[in-house]
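> next come a sequence and a model predicted from it.
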Amino acid sequence: MNSKDIGAISIVAGTAIGAGMLGLPMVIGSLGFFTGCLLLLIMWALAVYSGLMLIEINLEFGPGVNFNHMTHEVLGRPGQLVATGSVFFLTYCLLVAYITGMGGLISTIVDIDPRIGSAAFAIVSGIIFFIGTNALVSANKTLFTIMLGAMILSFACLGGQLELHNLTQGNPTPKGLLIALPVLFTSFGFHASIPSVVSFVGEDKKSLVSILVIGSTIPGLCYAAWLMLSLGSATPEQLTSMANVDALVTLISGNATWLSSILSFFAMLALVTSFFGVSLGLFDLVAETFKRGNDKTSRAGTSALVFLPPLAASVLAPDGFIAALSHAGAALAIIAIFLPCIMVLKLRSAGKSQEFRAIGGNPAVVTSFLFGIIIIAANYL
């Protein structure tokens, strides 16, 4: 495996690993560790297959073509509007989750109302984006590296808190299983990076498949370790009652202030790196969609359109971290499952997509589509 493939793997893994993993213990806690890992494995397989469908579609058009263009070419203007609308909904939901989570963590550090913490974080972020994004991109790469180090340190420290008998607890129910699906699928949300990976690597089908599988497996292993350590540090009843990141950190750190500080540092970095990445994508999408310029007045307006709506939602629902991630999972199901399934079936029926085809034939496509329906339905139980 060459350095280009390794770089592409880091893109896939880095896009997935982020704030979504912080919500996993809260939705899986009631299910128990082993049931949660089984569900995690199923969502990983679904995410990988949907990624393979995106590779199939992308290779039909060739490297350098973005998802927006592909949906327009295959599904026309209506499909393009659904895709763009879903991306808007997905990114705004994610920003609500990140701003809410950061508000809670900031409130524990400086002892203020979480909503004030959310407002402060959103306002500072808006100012940063108004000033410029070039330095932000470089800084975010460094922060992501530090975040990985903080995650490893957190995992090592939590090992001392692990109580194995907690891992055997849990009471899986049909409703509990369904509620966990959107958050689990959101945690494997690397699909937006697929066109970039195809453009970067080229049309080497074997390499693309390896990159997708390895790049998605790395987050899966991190999630399994995180679940073992967090679920092993608290009972299912305690985890189920959690509504925000700060409460989760306080719970699993016990009475150890030093451990709480380490976990808070990791959680803040996970939120910030994900937040800046998603915000940057939304900033560019807003500017492109509404044809806004790059002068100071236009950038100020774009920053307001990006940050004010999620800030308002966060202030109105300060305990909406999990709900926002769940809504994001529904939008991701449309982008990463529904649209690719329809596009693949249409291309195949027209005798196209001969360069590469996702395994399983049309039955696997239909099965993925049904899973997408379940994920969306689960979000609104």
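Perfect, I can see it now.

> need the longest helix for the chain.
helix 67-110 (DSSP state H).

> give me the angle between the helix or strand that that one is followed by and helix 67-110.
For helix 67-110, the following helix or strand on the C-terminal side (DSSP states H and E) is helix 114-131. In terms of direction (axes from the mean of the first three to the mean of the last three Cα atoms, to 10 degrees), helix 114-131 departs from helix 67-110 by 130 degrees.

> just the CA trace of helix 114-131, in CSV.
Taking C-alpha atoms only, helix 114-131 is exported to CSV below (Å, rounded to 0.1, in the frame of the first residue of the first chain):
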residue,chain,number,x,y,z
PRO,A,114,-24.9,26.1,28.9
ARG,A,115,-26.8,28.4,26.6
ILE,A,116,-24.4,31.2,27.2
GLY,A,117,-21.5,28.8,26.5
SER,A,118,-23.2,27.8,23.2
ALA,A,119,-23.7,31.4,22.2
ALA,A,120,-20.1,32.3,23.0
PHE,A,121,-18.7,29.3,21.0
ALA,A,122,-21.0,30.1,18.0
ILE,A,123,-20.1,33.8,18.0
VAL,A,124,-16.4,33.2,18.2
SER,A,125,-16.6,30.6,15.4
GLY,A,126,-18.6,33.0,13.3
ILE,A,127,-15.9,35.7,13.7
ILE,A,128,-13.2,33.2,12.8
PHE,A,129,-15.0,32.2,9.6
PHE,A,130,-15.6,35.9,8.8
ILE,A,131,-11.9,36.6,9.0
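
> which helix or which strand is home to residue 147?
Counting by DSSP H and E, residue 147 is part of helix 134-158.

> give me the helices and strands touching that helix, please.
helix 205-231, helix 257-289 (3 or more Cβ pairs under 8 Å, 6 or more residues apart in numbering; DSSP states H and E). Where C-beta positions appear, they are placed from N, C-alpha and C, glycine not excepted.

> just put the ones you listed in JSON lines and tack on mean pLDDT, distance to residue 329 and mean neighbour count.
Shown next, in JSON lines, are the helices and strands packed on helix 134-158 (pLDDT from 0 to 100; distance: least, Cβ to Cβ, whole Å; neighbours: other Cβ atoms under 10 Å):
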{"stretch": "helix 205-231", "mean pLDDT": "92", "distance to residue 329": "15", "mean neighbour count": "20"}
{"stretch": "helix 257-289", "mean pLDDT": "85", "distance to residue 329": "14", "mean neighbour count": "20"}
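
> of all the ones you listed, which one comes closest to residue 370?
helix 205-231 (20.8 Å; Cβ to Cβ).

> if we can go back for a sec, which other helices and strands contact the longest helix of the chain?
Using 3+ Cβ pairs under 8 Å, 6+ apart, helix 67-110 sits against helix 33-61, helix 114-131, helix 194-201, helix 245-252, helix 257-289, helix 296-316, helix 321-333, helix 339-349.

> in CSV, list these along with distance to residue 210.
Below are the helices and strands packed on helix 67-110 laid out as CSV (distance: least, Cβ to Cβ, whole Å):
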stretch, distance to residue 210
helix 33-61, 11
helix 114-131, 35
helix 194-201, 10
helix 245-252, 34
helix 257-289, 24
helix 296-316, 35
helix 321-333, 23
helix 339-349, 20
